[in-house]
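[1] Attaching a predicted model along with its sequence, questions to come.
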Amino acid sequence: MSKRYSYKFKMRVVEEYFEGKLGYRTLANKYNISTESLVRQWVNNYKDCGKNSLKSREGKTKYPLEFKLNVLHYKQETGASYRETAKKFGLNNPSLIANWRRAYLEGGANQLNNPIGRPSDMHKKPKLSKKSQRMNLSEKEELELLRQEVTYLKIENLYLKKLKELGLKDHRDPNRPNSL
């Protein structure tokens, strides 16, 4: 799982970058940040979208299909880069647009509506407890009786089919017609 950095920490790193004394790599090493590209991303987000772009979001932002299509259309028509397009639409993650484009090319507009990632557990059927999974004795007896009845009915069905095939009547019921 990736490390989460606080807003204050990100601001301190970005401000130190703008002082002009240290570069991306040096700042990453100084503050023990995993990659210099993360520092670069913070600086670019700050330049493009301001301070608020450094704040962590609680959950995923869900964008409507129409918005995604507008973003993709703008990028296609203008030939703008992912970063320029993201800046235009106030998105702080240009790779999001690349993901939308890939999804659109793979499956059209319908694919853009499909969530990417692991599905939530919300729609799964609840698991039964072990107690409710076990049958009590009377249920087991009833199941065995039903199985026996099914077997008997199968045999009776075969018997009646054979009688019909031979042109004979069922001797158990004199009023019963010969056809099944």
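    Arrived safely, thanks for sending.
[2] rest of the way, CA atoms for contacts and neighbours
    Fine.
[3] For residue 53, list the residues it contacts.
    Taking CA atoms under 8 Å, 6 or more residues apart in numbering, we find residue 53 in contact with 45-46, 92.
[4] Which of those has the largest number of neighbours?
    residue 45 (24 neighbours; other CA atoms under 10 Å).
[5] where's the helix or strand hosting it relative to the chain centroid, distance-wise?
    Per DSSP states H and E: residue 45 is located in helix 36-49. The chain centre lies 29 Å from the centre of helix 36-49; the measure is CA atoms, centre = their mean, to the nearest Å.
[6] other SSEs contacting it?
    helix 7-18, helix 24-30 (3 or more CA pairs under 8 Å, 6 or more residues apart in numbering; DSSP states H and E).
[7] For residue 107, which of those helices is the nearest?
    Proximity to residue 107 (CA to CA) singles out helix 7-18 among the helices and strands packed on helix 36-49, at 37.1 Å.
[8] what is the mean pLDDT for the closest one?
    Summarised as a single mean, pLDDT over helix 7-18 is 89.
[9] quick one on the thing from earlier: make CSV out of the helices and strands packed on helix 36-49 and add mean neighbour count.
    Output for the helices and strands packed on helix 36-49, formatted as CSV (neighbours: other CA atoms under 10 Å):
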stretch, mean neighbour count
helix 7-18, 15
helix 24-30, 16
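[10] and the helix or strand in which residue 157 is found, average pLDDT?
    Secondary structure assignment for residue 157, by DSSP H and E: helix 137-166. Helix 137-166 shows a mean pLDDT of 87 in the predicted model.
[11] which parts of it are buried?
    Residues of helix 137-166 classed as buried: 160, 163 (neighbour count, 16 or more other CA atoms under 10 Å).
[12] Quick one: distance of it to the chain centre.
    That offset, for helix 137-166, works out to 46 Å (CA atoms, centre = their mean).
[13] between the helices and strands packed on helix 36-49, which one is nearest to residue 55?
    helix 7-18 (5.3 Å).
[14] between the closest one and helix 36-49, how many degrees?
    Using axes from the mean of the first three to the mean of the last three CA atoms, to 10 degrees, the direction of helix 7-18 lies 90 degrees away from that of helix 36-49.
[15] Which elements pack onto helix 7-18?
    Checked by 3+ CA pairs under 8 Å, 6+ apart, helix 7-18 has helix 24-30, helix 36-49 packed alongside it.
[16] what about residue 20, neighbour count?
    Per other CA under 10 Å, the neighbour tally for residue 20 reads 8.
[17] Now it: which helix or strand?
    Per DSSP H and E, there is no helix or strand for residue 20.
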